[in-house]
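I would like the atomic coordinates for the input below:
(chains A and B)
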Amino acid sequence: MQISMTMNGDEITREIEPRVLLVHFIRDELRLTGTHWGCDTSNCGTCVVLMDGVPVKSCTVLAAMADGHAITTVEGLATGATLDPVQQGFMEEHGLQCGFCTPGMMLTARALLDRNPHPDDTEIREAISGQICRCTGYATIVRSVKWAAEHPVVTENAGEEVPA
Amino acid sequence: MQIPAQFDYVRASTIEDALALLDRHGPESRVVAGGHSLLPMMKLRLARPEWLIDINDLYELDFILPEATQLRIGALTRHSTLLESADVARLFPIVIDAERVIADPIVRNRGTVGGSLCQADPAEDLATVCDVLRAQAVVRGPGGERILTMDEFHKGPYETAVAQNELLVEIRFPIRPRAGSAYEKVERRVGDWAVVAAGAAVNLAEDGSVDDVAIGLTAVGLDGTIAEAEAVLRGRRPSEELFEEAGRLAALASMPVADQRGPVDYKRHLADELTRRVLRRACARALETQTTTTQEG
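Numbering: from 1, shown residues only, chains lettered A, B, ... in the order given. Prediction:
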């Protein structure tokens, strides 16, 4: 069957089998491998993408169900060379260790901040409660999201001065 | 890698269209909404429909509608929408208690009320909520609509009264005066099924005694509400002693089985303790409603 969707702002059309899951469509068909494929059982949250701005676990959505919708993956977060404040925050506050959970965490954080620009720690923890960081780096993830909330627009040279 | 077996996919555009598609493709067709129960089953090949009928475009089934005597909730309402509804929070706080602990926030963005109820998992939280609120399920088929009580709706684990050519379209919660309700669940981690959970709904008479009460337990092998525990409270003023006795009887009625979530003794202990807690909170909420009503009056 033929499906069309907006992928990170671009209109795309592909021929797929109905049983293809959105995560595999994104990774294998579109070669956008920033979206990670983890537990395959909607528990871990590393496959989270935004569907019409709402975080969903792409291992449990059919690509066919995304037909006609707008999908944002981690590749769609930055604007040109300018990182999204969430990405910048993860850099500033060491929000990642191995990096496996990071794409999902960042997209959930983006969606949270779009709805609630000043979340407290509890709200951030609640928002990411369906995602697992096996490095257990939750404290720095929460700090990274807070950094992003405090720096809604990243200035051009914000990334250059990394504290020693 | 878990991939479903092959199937054909079709999107329904209206309720009538969905019913016509179910009729045309017969027993090998399944309806998919949020997909967070069916797709995992298809990935494990526990379900192998030949036709998948996607009803996510049926926006007419995505509504929360307060009326004078009831709250109507469309079957395609997402868990996250229900959780954020001010009408639901005001009228049926038990639904908010439960929704906070159903799956996780991201699964709740996709999963639907109708999907959860039709999946009819024996550990499903909304089933207990619907039982104690004495909800009605509206089911539509080729012959029109049927309105079912939850007893009629639930046939057993993973089995409902919704026939192959029918669609659950709506859930209705009756609004009662001086009412309070609460739900509490013990889970091993966010997103897990209940070890045990309890739900209660009470409404008080004008003199402050219990006019009606419903008590339900999740994941301990019970269908419907627990009449013997309810009888303790009916017609009497709520008190710690009565909550204790109701908890004891609810635990006695429960039929938990030992599994990876815990042994029988532990689950029975939870049934007792959680029943007391939800009764305490439901009664407190009913009294708050009463006070508010008096002040406004």
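
Which residue does chain A have closest to chain B?
Across chain A, the shortest distance to chain B (Cβ to the nearest Cβ) belongs to A:Gly130, at 2.7 Å. All C-beta atoms are positioned from the backbone trio N, CA, C, and that covers glycine.

how many neighbours does the residue nearest to that residue when sequence neighbours are not counted have?
In space, and not counting its chain neighbours, A:Gly130 is closest to B:Asp104: 2.7 Å by Cβ to Cβ, 6 or more residues apart in numbering or on different chains. As a burial measure, B:Asp104 scores 23 neighbours (other Cβ atoms under 10 Å in any protein chain shown).

Repeat that for B:Pro93.
B:Pro93 has 21 neighbouring residues, counting by other Cβ under 10 Å.

Next up, the contacts around it.
The contact partners of B:Pro93, taken as Cβ atoms under 8 Å, 6 or more residues apart in numbering or on different chains, are B:180-182, B:285.

again, only this time at 7 Å
Residues in contact with B:Pro93 (Cβ atoms under 7 Å, 6 or more residues apart in numbering or on different chains) are B:181-182, B:285.

Likewise for B:Ile3?
A:19, B:43.

Which single residue of chain B approaches chain A most closely?
Residue of chain B nearest chain A, by Cβ to the nearest Cβ: B:Asp104 (2.7 Å).

how far away is B:Met1 from A:Leu22?
14 Å (Cβ to Cβ, to the nearest Å).

Between those two, which is the more surrounded one?
A direct count of neighbours by other Cβ under 10 Å for B:Met1 and A:Leu22 places A:Leu22 higher, at 25 against 7.

Correct me if wrong, but B:Asp212 is in a helix.
No: applying DSSP: H, G, I helix; E, B strand; the rest coil, one finds B:Asp212 to be strand, outside a helix.

Isn't it up against B:Asn203?
Yes: using Cβ atoms under 7 Å, B:Asp212 makes contact with B:Asn203 at a distance of 5.3 Å.

how does chain A divide into domains?
Domain assignment for chain A by automatic domain parsing gives A:2-76, A:85-150.

what about the strands in chain A?
Under the criterion DSSP state E, strands of chain A are mapped to A:2-7, A:10-15, A:48-51, A:54-57, A:70-72.

where's the spatially most central residue of chain A relative to B:Val196, distance?
Geometric centre of chain A, nearest residue: A:Leu107, 2.6 Å, by Cα atoms, centre = their mean. Applying Cβ to Cβ, the value for A:Leu107 to B:Val196 is 34 Å.

next one: B:Arg45
On the measure of Cβ to Cβ, B:Arg45 and B:Val196 end up 31 Å apart.

Settle it for me: which of the two has more neighbours?
Taking other Cβ under 10 Å, B:Arg45 and B:Val196 do not tie; B:Val196 has more neighbours (28 against 11).

Do I have it right that B:Phe63 meets B:Leu71?
No: contact status for B:Phe63 versus B:Leu71: not in contact, 10.7 Å apart, counting by Cβ under 7 Å.

neighbour count winner among these two?
Just comparing B:Phe63 and B:Leu71: by other Cβ under 10 Å the higher neighbour count belongs to B:Leu71, 22 against 14.

In terms of secondary structure, what does the strand or helix carrying the more buried one contact?
Assigned by DSSP states H and E, B:Leu71 belongs to strand B:70-74. Secondary-structure packing of strand B:70-74 (3 or more Cβ pairs under 7 Å, 6 or more residues apart in numbering or on different chains; DSSP states H and E): strand B:167-174.

so how far is the strand it packs on from its chain's centroid?
In terms of Cα atoms, centre = their mean, to the nearest Å, the centre of strand B:167-174 is set 11 Å apart from its chain centre.

relative to strand B:70-74, how tilted is that strand?
Here strand B:167-174 runs at an angle of 160 degrees relative to strand B:70-74 (axes from the mean of the first three to the mean of the last three Cα atoms, to 10 degrees).

Paired strands for strand B:167-174, with orientation please.
With DSSP bridges as the test, strand B:167-174 is paired with strand B:70-74 (antiparallel), strand B:136-141 (antiparallel).

Can you give the distance of the longest one from its chain's centre?
In other words, strand B:136-141. Distance, stretch centre to chain centre, for strand B:136-141: 15 Å (Cα atoms, centre = their mean).

May I have that strand exported as PDB, CA atoms only?
Only the C-alpha atoms of strand B:136-141 are listed here, as PDB (Å, rounded to 0.1, in the frame of the first residue of the first chain):
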ATOM      1  CA  GLN B 136     -23.200   1.500  30.800                       C
ATOM      2  CA  ALA B 137     -21.600   0.400  27.600                       C
ATOM      3  CA  VAL B 138     -23.200   1.500  24.300                       C
ATOM      4  CA  VAL B 139     -22.600  -1.000  21.500                       C
ATOM      5  CA  ARG B 140     -23.600  -0.400  17.900                       C
ATOM      6  CA  GLY B 141     -24.100  -3.000  15.300                       C
END
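
which outside residues touch it?
Outside strand B:136-141, the residues touching it (Cβ under 7 Å, 6+ apart) are B:15, B:19, B:145-150, B:153, B:162-163, B:165-172.

Only the buried subset of the residues you listed, as a ChimeraX command please.
Per 16 or more other Cβ atoms under 10 Å in any protein chain shown, the buried members of the contacts of strand B:136-141 correspond to this ChimeraX selection:
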select /B:15,19,146,148,150,153,162,165,166,167,168,169,170,171,172
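
Now do the helices in the chain.
Using chain A here. A:22-24, A:85-92, A:102-115, A:121-127, A:138-150 (DSSP state H).

that's the wrong chain, I meant chain B
For chain B, the helices defined by DSSP H occupy B:15-25, B:38-43, B:79-83, B:86-91, B:93-99, B:105-110, B:113-119, B:125-132, B:150-153, B:227-233, B:240-253, B:264-296.

Many thanks, we can stop here.
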